[in-house]
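Enquirer: Provided below are the primary sequence and the corresponding predicted coordinates.
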2 protein chains.
Amino acid sequence: MPGDKRSAFLDLPTAQTGASGRADSPPSALERWLLAKLFGLMGQPAIRFVLWDQSTVGPEGANEAVSGLHIPSRRVLWRLLRNPGLNFGDDYSAGLLMIEGELRDFLEAVYGAGGGSPRSGPLGRYAVNRPTWRRPNSLSGSKRNIHHHYDLGNHFYRLWLDADMVYTCAYFPQPQDDLETAQRAKMDLICRKLRLRPGELVIEAGCGWGSLALYMARHYGVRVRAYNISREQLAFARDRAHEQGLDGRVEFIEADYREIGEDAARRGPCDVFVSVGMLEHVGRAHHRGFGGVIDRCLSASGRGLIHSISQPEPRPVNPWLERRIFPGGYPPTLREMAAILEPRRCVVTDVENLRLHYAKTLEHWLARFEDHAKQIAATYDESFVRAWRLYLTASIANFTTNALQLYQITFSRVAQCEVPWTRADLYS
Amino acid sequence: MPGDKRSAFLDLPTAQTGASGRADSPPSALERWLLAKLFGLMGQPAIRFVLWDQSTVGPEGANEAVSGLHIPSRRVLWRLLRNPGLNFGDDYSAGLLMIEGELRDFLEAVYGAGGGSPRSGPLGRYAVNRPTWRRPNSLSGSKRNIHHHYDLGNHFYRLWLDADMVYTCAYFPQPQDDLETAQRAKMDLICRKLRLRPGELVIEAGCGWGSLALYMARHYGVRVRAYNISREQLAFARDRAHEQGLDGRVEFIEADYREIGEDAARRGPCDVFVSVGMLEHVGRAHHRGFGGVIDRCLSASGRGLIHSISQPEPRPVNPWLERRIFPGGYPPTLREMAAILEPRRCVVTDVENLRLHYAKTLEHWLARFEDHAKQIAATYDESFVRAWRLYLTASIANFTTNALQLYQITFSRVAQCEVPWTRADLYS
């Protein structure tokens, strides 16, 4: 409908009524049956669908205490039935679909029911994870994909990240710790797990705004070569290194992680390899290559740590998340992470699952995001705010319901036999 | 040679000289070349071969500071060349091959060089891991295999295990702790990782002499169904349960782990699944079935722990170890362990690598074993003592050189969202 406010972000028409402008006739028996079918494929979560005539589809005896998804028109219903994985997100962002109750409760109920997993059968998988065109992580594809998310503008992330601009799971020694404390605690935990020694050379694959690289150099006296392909992030990181007088010890390099191996072949291997929150962007097809990078850049007695979102079983990323938020993303399973290291003369020395810490981190981000929602809507638009609200809340719900994990995997070369006696020193 | 003392255990002739009784002629150029080839396939370890004419094969400039393997005759040399993986162990046990220097140093040098791994190429693999007939882990095969090792007699194991008869890796909070302390610390660590609550039902697959089952019931108030197929172990375990007044809460069941699933289907699922030192005996072909057992016996919100020897990459077990000591054994890789849980709605919550603790445990066992070597030789024979000395020392060397790991993998059902906030409580 020309003249309507359209979402620049999602480019969706916003029709609350049928194309003719008249209210839709009540849902047919077929439509209700199809919705009930979708509900079954979702694993029968404790939610209900509320249709435009106020009739509902959901579990027996569901009442208003259960979160509801309000479907305002026949057109939105059919969009949802056709491709729930993509269109739920798009139509929520466009303001077409509305949640009655708390969005988080709704999403936790949905994810907790575990629909769309390989166990829900081929039809369930198809309905919930219907294939969409995905963004390949070729060298140029990765650049586009990373640009899509990380180059939204440093000012945007500064509104809701911590002061150090760390955009990965924090570590809260106590649940009530503030975000700044928790991000520093995470960086320090990683340094302790890696047992960094002054003068060692660390390679960091995917360094974000540079916080960890600078932290390692400042507090543990190491030299760091940190790689990233996001220009906005790198410019910010280099400024910080200069301000902190660390530009002699921390080098921020604009290069894809696949170029690290060649760089190391030219300039020598590192003692320590670390990658925090990058493996999720590598993509399944490139896991093997990622292992090859570690193998080429890590010394024969080196050690390392990979920090990544993970999922309990291999399943495709939700198409909305993949298309709108994180193009090219894929959280590997623990088995897939182990398979990256196994052929590379690397032995896992420790695995920690920090998923509750990611839920807590996201709660902090979401609260700060909401504090600036008006400002963000003014820069982007309302649908952008709704999309990011959905993304952050859905991430919380994924971590609280065990649909996602956050693993820190510490490893060493087989030839590296020095390991700490116990893990007690991490907690002393 | 009739009249010679022959090894009942290994059934090998003991020829120090050629069959004719005359001393062998010096090694030929071909023999020295083949031995050098074997040395290369072993990854050129820092050892030397000393032949019957006192000539040596080994790294350039190797002297007597390097451990040597004394090869006393042409016949023993050719046995070693033909099947080093099997015949090294057999001929060492028979007293035909002798080590100059410390056996442990020799073995650490060999394992540290990493020969015979998939990376050493097909010829290296063939030479070091030459296939031998392996013992299948069918229901009857497992019974035979377990009988071979665990029914040697409780009196034998009592000579060198701790007072509680725990025949798995201990946990030494401090390296200087004694073995009894460390075995109890291990059992308590497992209970804390499992967060046992009074009244819960635990299923233990492979319970040895029953120590952990009794410890859990006594100190954490749980009920335990513990399974084993070794009769000698079960008789011992039941006596202890009765003595300790725990026979009402701990049930020792003579059944293969594959029968646990059906038993649970009949009698109800458990809250907690635990298996310590059994997965190594399951065998690669049965990993999937082992996962199925966990799936069938564990409640939808249950949790569990698997404690197993592991190796950095999939490779066949040394044929001597497989044939003489642990028929049917195979230490899975971490990837293979993760693959057991991944399709079973189970999520890994923690992985700890305790390999140094296994080396320490084995040092205690070996020291106690040596204290009783004469007594053991009198019951069995000298070659049995040498074979077990080799097995215990080789195990130490495997763990110190990173050729083997010991993983404790803690997991929970996907639907079990309650996990501890951090691991700090394990160390407080």
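Expert: All right, it came through fine.
Enquirer: how about residue A:24, phi and psi?
Expert: Taking degrees, to the nearest 10, you get phi -70, psi 150 for the backbone angles of residue A:24.
Enquirer: how close does the nearest residue to residue A:32 once chain neighbours are set aside sit to chain B?
Expert: Distance criterion Cβ to Cβ, 6 or more residues apart in numbering or on different chains; nearest residue to residue A:32, sequence neighbours excluded, is residue A:57 at 5.9 Å. All C-beta spots, glycine's among them, are computed from the backbone N, C-alpha and C. Residue A:57 is 24 Å from chain B, where distance means Cβ to the nearest Cβ, to the nearest Å.
Enquirer: neighbours around residue A:57, how many?
Expert: Counted with other Cβ atoms under 10 Å in any protein chain shown, residues neighbouring residue A:57 total 22.
Enquirer: residue contacts, it?
Expert: A:32, A:35-36, A:39, A:48-49, A:51 (Cβ atoms under 8 Å, 6 or more residues apart in numbering or on different chains).
Enquirer: now do residue A:423
Expert: A:350, B:352, B:423, B:426-427.
Enquirer: looking at those, which are in strands?
Expert: In strands, judged by DSSP state E, the following of the contacts of residue A:423 are found: A:350, B:352.
Enquirer: which of the contacts of residue A:423 lies closest to residue B:217?
Expert: Using Cβ to Cβ, residue B:426 is the member of the contacts of residue A:423 that sits closest to residue B:217, with 21.2 Å.
Enquirer: quick one: mean pLDDT for stretch A:50-70?
Expert: The pLDDT scores in stretch A:50-70 average 86.
Enquirer: stretch A:190-200 too?
Expert: For stretch A:190-200, mean pLDDT is 97.
Enquirer: restricting to C-alpha, output that stretch in CSV.
Expert: Only the C-alpha atoms of stretch A:190-200 are listed here, as CSV (Å, rounded to 0.1, in the frame of the first residue of the first chain):
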residue,chain,number,x,y,z
ILE,A,190,40.9,-16.8,29.5
CYS,A,191,44.4,-15.6,30.3
ARG,A,192,44.6,-17.9,33.3
LYS,A,193,43.3,-20.9,31.4
LEU,A,194,46.0,-20.1,28.8
ARG,A,195,48.7,-19.6,31.5
LEU,A,196,50.2,-16.7,29.6
ARG,A,197,53.8,-15.8,30.3
PRO,A,198,55.4,-12.5,29.6
GLY,A,199,57.1,-12.2,26.2
GLU,A,200,55.0,-15.0,24.6
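Enquirer: residue A:114: neighbour count?
Expert: Applying other Cβ under 10 Å, we find 21 residues neighbouring residue A:114.
Enquirer: which residues touch it?
Expert: A:43, A:120, A:403, B:414-415 are the contacts of residue A:114 under Cβ under 8 Å, 6+ apart.
Enquirer: so residue A:238 makes contact with residue A:254?
Expert: No. Applying Cβ atoms under 8 Å as the test, residue A:238 and residue A:254 come out as separate, 9.8 Å apart.
Enquirer: how about residue A:345, nearest residue that isn't a chain neighbour?
Expert: Leaving aside its chain neighbours, residue A:345 sits nearest to residue A:414 (4.8 Å; criterion: Cβ to Cβ, 6+ apart).
Enquirer: may I have the phi/psi pair for the one you found?
Expert: phi -60, psi -40.
Enquirer: on that earlier part again, just the buried ones from the contacts of residue A:57?
Expert: Neighbour counting with 16 or more other Cβ atoms under 10 Å in any protein chain shown marks A:32, A:35, A:39, A:48-49, A:51 as buried within the contacts of residue A:57.
Enquirer: specify which member of these is nearest to chain B.
Expert: residue A:39 (19.0 Å; Cβ to the nearest Cβ).
Enquirer: okay but that closest one is in contact with residue A:58, surely?
Expert: Yes. If you go by Cβ under 8 Å, residue A:39 and residue A:58 touch, sitting 6.5 Å apart.
Enquirer: now the common contact residues for those two.
Expert: Joint contacts of residue A:39 and residue A:58 (Cβ under 8 Å, 6+ apart) are residue A:49.
Enquirer: give me the domain ranges for chain A.
Expert: A:29-129, A:139-427 (automatic domain parsing).
Enquirer: just the ones you listed: most buried one?
Expert: Comparing the domains of chain A by mean neighbour count (mean count of other Cβ atoms under 10 Å in any protein chain shown), domain A:139-427 ranks first with a mean of 20.
Enquirer: check the separation of the first and last residues in it.
Expert: End-to-end distance for domain A:139-427, by Cα to Cα, to the nearest Å: 40 Å.
Enquirer: and for stretch A:282-293?
Expert: Start and end residues of stretch A:282-293 are separated by 12 Å (Cα to Cα).
Enquirer: is residue A:306 in a helix, a strand, or coil?
Expert: Assigned by DSSP: H, G, I helix; E, B strand; the rest coil, the conformation of residue A:306 is strand.
Enquirer: how about the contacts made by it?
Expert: For residue A:306, the contact set (Cβ under 8 Å, 6+ apart) comprises A:274-275, A:279, A:337, A:340, A:407-409, A:411.
Enquirer: now with 6 Å?
Expert: A:275, A:279, A:409 (Cβ atoms under 6 Å, 6 or more residues apart in numbering or on different chains).
Enquirer: swap in residue A:108?
Expert: A:397, A:401.
Enquirer: repeat that for residue A:74.
Expert: Applying Cβ under 6 Å, 6+ apart, the residues near residue A:74 are residue A:24.
Enquirer: and the pLDDT at it?
Expert: Value listed for residue A:74 in the pLDDT field: 97.
Enquirer: tell me which helix or strand in chain A has the weakest average pLDDT.
Expert: Every helix and strand in chain A was compared by mean pLDDT, DSSP states H and E; the lowest is helix A:121-129, with a mean of 54.
Enquirer: ok so, going back, possible to save the domains of chain A as JSON lines with distance to residue B:169?
Expert: Listed next are the domains of chain A as JSON lines, based on distance: least, Cβ to Cβ, whole Å:
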{"stretch": "domain A:29-129", "distance to residue B:169": "34"}
{"stretch": "domain A:139-427", "distance to residue B:169": "13"}
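Enquirer: out of those, which gets the lowest mean score?
Expert: With a mean of 86, domain A:29-129 has the lowest mean pLDDT of these.
Enquirer: secondary structure class for the closest residue to chain B within the stretch 151-300 of chain A?
Expert: Proximity to chain B, evaluated over the stretch 151-300 of chain A using Cβ to the nearest Cβ, is greatest for residue A:175 at 6.1 Å. Taken by three-state DSSP, the conformation at residue A:175 corresponds to coil.
Enquirer: next step: the buried ones among the contacts of residue A:57 restricted to helices.
Expert: Of the buried ones among the contacts of residue A:57, the ones assigned to helices by DSSP state H are A:32, A:35, A:39.
Enquirer: what's the closest of these to residue A:386?
Expert: Within those, the smallest distance to residue A:386 is 22.8 Å, found for residue A:35 (Cβ to Cβ).
Enquirer: who's the residue lying closest to that closest one once chain neighbours are set aside bridged to?
Expert: The shortest distance from residue A:35 to any non-neighbouring residue, by Cβ to Cβ, 6+ apart, is to residue A:57 (4.6 Å). Beta-bridge pairing of residue A:57 under DSSP bridges involves residue A:49.
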